[in-house]
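J.: below: sequence and its predicted model.
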Amino acid sequence: MSSLRVRTDLALEVRENMEESAKDCRGVKVEEEYKEESELRITRVVIETMNGAKAMGKPIGTYITLEAPAMALPDEDYHEEIARELAVQLKKIIPDIDKELSVMVVGLGNRDVTADALGPNVVDNLTITRHMMKEYGKAAFNQKKVHMVSALVPGVMAKTGMESQEIIKGVVEKTKPDVVIVIDALAARSTKRLNRTIQITNTGIHPGSGVGNHRNAITQEALGVPVIAIGVPTVVDAATIVSDAFEKMMRQTGEEPLEIQDNLLSGLGELYNMYVTGKDVDYEIKQISHIICNALNSALETCHDPH
């Protein structure tokens with residue numbers, strides 16, 4: 001089944017699906033940490049060279065993945081643990097976070113499509129400070145250091161007639177933030193990672209790439225300021241589910257008839273335009289958006305962590 005295309009936005013899954021010989025390629029470092037108490041697995045994939053970028057099919061940069069099997073469950077205490085860890089990782093990857101920054105948070109996606117509404121949902125609950133800072137300065141917050149946080153939901157091209165990148169670039173040129181944080185829904189290779197994984201990267205984002213709907217990249221090169229991307233896989237393509245089921249069946253029987261395999265491969269083409277999400281995606285997106293929002297508020301010090 002190696003001839004099947006692997007559609008995923010997660011650097012971790014790209015690494016997992018590489019041939020064993022390619023996994024030892026120079027220029028790609030992988031570090032893994034598992035926190036037993038919270039059942040959080042943190043994987044850091046760092047692409048350091050052009051050879052590594054070519055092997056991975058992703059830009060040079062850092063990709064941090066948090067995997068939490070129970071992230072979508074209704075457990076507020078556990079959500080707080082994830083948010084705290086996510087805030088720690090964000091502070092590590094946001095440049096010059098120790099200084100006072102002007103930060104623009106962008107919620108990509110379509111509010112009317114539940115699986116694509118993560119970005120707008122996060123922005124809806126974010127603590128915004130730019131207007132207060134402009135009007136009253138730090139005195140309004142009674143803190144020594146306050147990041148100036150603004151937010152934008154650019155919508156989708158079908159509704160605006162404009163690329164999200166065009167809208168974001170125009171606002172960046174006008175407001176001149178020090179860093180842009182982009183939040184978007186992603187596509188995964190594995191169903192077990194749907195709504196249970198968060199990826200952070202300092203390479204920006206290519207909206208729609210995971211579902212074959214390529215839009216203009218939102219990167220430092222395009223905007224002129226550092227871009228941090230936060231993403232959660234909310235969909236998986238139908239062809240992946242079918243191929244995984246077939247492989248499981250073949251492993252159980254110990255056989256792999258070439259004729260059946262070839263027929264399956266030839267019939268999967270139309271399934272690559274179909275994407276699947278969980279039946280509880282509306283509830284799960286709501287929970288995850290609050291986790292990311294709380295992590296951002298904590299990392300940008302717009303709230304006080306009671307713990």
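T.: Perfect, I can see it now.

J.: phi and psi next, for the residue nearest to Val28 when sequence neighbours are not counted.
T.: Counting by CB to CB, 6 or more residues apart in numbering, Gly52 is the residue found nearest to Val28 once chain neighbours are left out, at 4.1 Å. Backbone N, C-alpha and C define where each C-beta goes, glycine included. Note on Gly52: backbone dihedrals following degrees, to the nearest 10 are phi -60, psi -40.

J.: show me where the stretch 201-307 of the chain has helices.
T.: Under the criterion DSSP state H, counting those that start in this stretch, the stretch 201-307 of the chain carries helices at the ranges 220-223, 238-253, 258-267, 281-299.

J.: poorly predicted segments of this protein, please.
T.: Residues of the chain meeting the criterion pLDDT under 70: 1-6, 19-25, 208-215, 243-244, 247, 250-273, 302-307.

J.: grab the most central residue of the protein for me.
T.: What sits nearest the mean C-alpha location of the chain, by CA atoms, centre = their mean, is Gly231, with 1.4 Å.

J.: before we move on, what SS does the closest residue to it other than its chain neighbours have?
T.: When the adjacent residues along the chain are set aside, Gly231 lies closest to Leu186, with 4.1 Å between them (CB to CB, 6+ apart). Assigned with DSSP: H, G, I helix; E, B strand; the rest coil, Leu186 falls in the strand class.

J.: ok, now which ones touch Leu186?
T.: With CB atoms under 8 Å, 6 or more residues apart in numbering as the criterion, the residues that contact Leu186 are 8-10, 199, 210, 231-234.

J.: buried sites along stretch 88-103?
T.: 89-90, 93-94, 97, 101-103 (16 or more other CB atoms under 10 Å).

J.: now, those that are in strands?
T.: 102-103 (DSSP state E).

J.: among the buried residues of stretch 88-103, which pair sits farthest apart?
T.: For those, the maximum inter-member distance is 21.3 Å, found between Gln89 and Ser102 (CB to CB).

J.: can you get me the start-to-end distance on stretch 52-67?
T.: Stretch 52-67 has an end-to-end distance of 23 Å (CA to CA, to the nearest Å).

J.: in which helix or strand does Arg41 reside?
T.: For Arg41, the element it lies in under DSSP states H and E is strand 40-47.

J.: show me the contact partners of that strand.
T.: Residues lying outside strand 40-47 but in contact with it, judged by CB under 8 Å, 6+ apart, are 11-12, 15, 27-35, 53, 56, 58-68, 81-82, 85, 89.

J.: please state the backbone phi and psi of Pro74?
T.: Per-residue torsions, Pro74: phi -80, psi 70 (degrees, to the nearest 10).

J.: Glu284 is in contact with that one, correct?
T.: No: Pro74 sits out of contact with Glu284 when judged by CB atoms under 8 Å, with a separation of 10.0 Å.

J.: between the two, which one's more packed in?
T.: The residue with more neighbours, out of Pro74 and Glu284 and counting by other CB atoms under 10 Å, is Glu284; that gives 24 against 10.

J.: measure that one to Leu296 for me?
T.: The gap separating Glu284 from Leu296 is 19 Å, by CB to CB, to the nearest Å.

J.: and what of Leu101?
T.: Distance, Leu101 to Leu296, using CB to CB: 13 Å.

J.: then Lys144?
T.: When CB to CB is the yardstick, Lys144 and Leu296 sit 20 Å from each other.

J.: and those two? Which one has more around it.
T.: Shown here are Lys144 and Leu296; by other CB under 10 Å, Leu296 has more neighbours (27 against 7).

J.: list the contacts of Leu86.
T.: 66, 198, 200, 291-292, 295, 299.

J.: which one of the residues you listed has the most neighbours?
T.: Top of the contacts of Leu86 by neighbour number is Ile292, holding 29 neighbours under the definition other CB under 10 Å.

J.: what sits against the residue lying closest to that one once chain neighbours are set aside?
T.: In space, and not counting its chain neighbours, Ile292 is closest to Val122: 5.0 Å by CB to CB, 6+ apart. Val122 makes contacts with 105, 107, 183, 289, 292-293, 296, as judged by CB under 8 Å, 6+ apart.

J.: ok, now with 6 Å
T.: Val122 makes contact with 107, 183, 289, 292-293, according to CB atoms under 6 Å, 6 or more residues apart in numbering.

J.: number of nearby residues for Pro59?
T.: Residues contacting Pro59 under the criterion other CB under 10 Å number 18.

J.: help me confirm that it is found in a helix?
T.: No: secondary structure assignment places Pro59 outside any helix; it is coil (three-state DSSP).

J.: distance check, it against Val46.
T.: Taken as CB to CB, the spacing of Pro59 relative to Val46 amounts to 12 Å.

J.: quick one, helices of the stretch 1-150 of the chain?
T.: 11-17, 20-23, 50-56, 76-93, 118-124, 130-136.

J.: redo these as JSON lines? Include distance to Thr191.
T.: JSON lines is the format used below for those (distance: least, CB to CB, whole Å):
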{"stretch": "helix 11-17", "distance to Thr191": "12"}
{"stretch": "helix 20-23", "distance to Thr191": "23"}
{"stretch": "helix 50-56", "distance to Thr191": "22"}
{"stretch": "helix 76-93", "distance to Thr191": "20"}
{"stretch": "helix 118-124", "distance to Thr191": "18"}
{"stretch": "helix 130-136", "distance to Thr191": "39"}
